[in-house]
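J.: just to be clear, the model below is a prediction. Sequence and coordinates:
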Amino acid sequence: MKDVFRQFALDGQVAVVTGAGKGIGRACALMLAEAGADVALFARTEADLAEVKAQIEAMGRRAIAVPGDVNKDADLDQLIARTVAELGKLTILINNVGGGGPNDPRKVPGKNLGDMLAFNVVPAYSLIQKAAPFMAEAGGGAVVNISSVAAKYAQKYFSAYGAAKAALNQLTRNLAQDFGPTVRINAIEPGTIMTEALAPFLTPERKDRMVKSTPMARMGQPEDIAAAALFLASPAASWITGKILSVDGGVEAPNF
């Protein structure tokens, strides 16, 4: 049985997690550390990173906090450089930064669509490009992109966000072809997850409707996504690349 559990261990691994200060990114960073990885934490708010860093160090793992903006190439370069210099290598990348709310296509201009596409796709592309050589140098690596079930649903007022996440999914599939077999690249499509970002949109009526329409009869938690990220980053997923894993409580249609 111990050999089975070793397939999910990350001892000796070094992970970069973007958007690591809150929500899904925070949960991913903590779970990877619990599995044995040292973690480089990246987000805009330094205070949030400091809190997560302290929790990881309390586990006996190493962590560094790198504040920055994923839209600034120099910040991404600093993230990769500091990770390798201070933690010794880079083997896991969790691309968690992205997002966007509903849009009315009768009112929202094309530039806003372009901005949302860029925000959800370009940083993931750039970080994979920057991380891949160091992963190869370390003997291989794994990337997990955080997408959304919005990528596969047809629903009103989600043309921009849905298109952005669908583009991220296709980027995942194509880059897996480019960087395999040295670097595995997969994505997770979270369903509705209880995060601070969701809270402003979650009226009691909407929450009740969403729970009732979910086969698992509850809202998702950040740890549900973190567990899937751990699997895809671990040796247990060593023959999985270019795939999109839905973690959505069994929901098969829009329920927002």
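T.: Perfect, I can see it now.
J.: Ile244 against Ile185, yeah?
T.: No - distance between Ile244 and Ile185: 10.7 Å, which falls outside the contact criterion (Cβ atoms under 8 Å). In short, each C-beta sits where N, CA and C put it, glycine included.
J.: more neighbours: which of those two?
T.: Counted by other Cβ atoms under 10 Å, Ile244 and Ile185 do not tie: Ile185 has more neighbours, with 28 against 19.
J.: element containing that one?
T.: strand 183-190 (DSSP states H and E).
J.: buried residues, that strand. List them.
T.: Applying a neighbour-count criterion of 16 or more other Cβ atoms under 10 Å, the buried positions in strand 183-190 are Val183, Arg184, Ile185, Asn186, Ala187, Ile188, Glu189, Pro190.
J.: who does the third one bridge with?
T.: When bridges are assigned using DSSP bridges, the partners listed for Ile185 are Val143.
J.: now do the contacts for it.
T.: Under the criterion of Cβ atoms under 8 Å, 6 or more residues apart in numbering, the neighbours of Ile185 are Ile128, Ala142, Val143, Asn145, Thr172, Leu175, Ala176, Phe179, Thr241, Gly242.
J.: and the fifth one, by the same measure?
T.: Each residue near Ala187 by Cβ under 8 Å, 6+ apart is listed here: Val144, Asn145, Ile146, Ser147, Leu168, Asn169, Thr172, Lys243, Ile244, Leu245.
J.: do the same with the first one
T.: By Cβ under 8 Å, 6+ apart, the contact list for Val183 reads Ile128, Ala131, Ala132, Met135, Ala136, Gly140, Gly141, Ala142, Val143.
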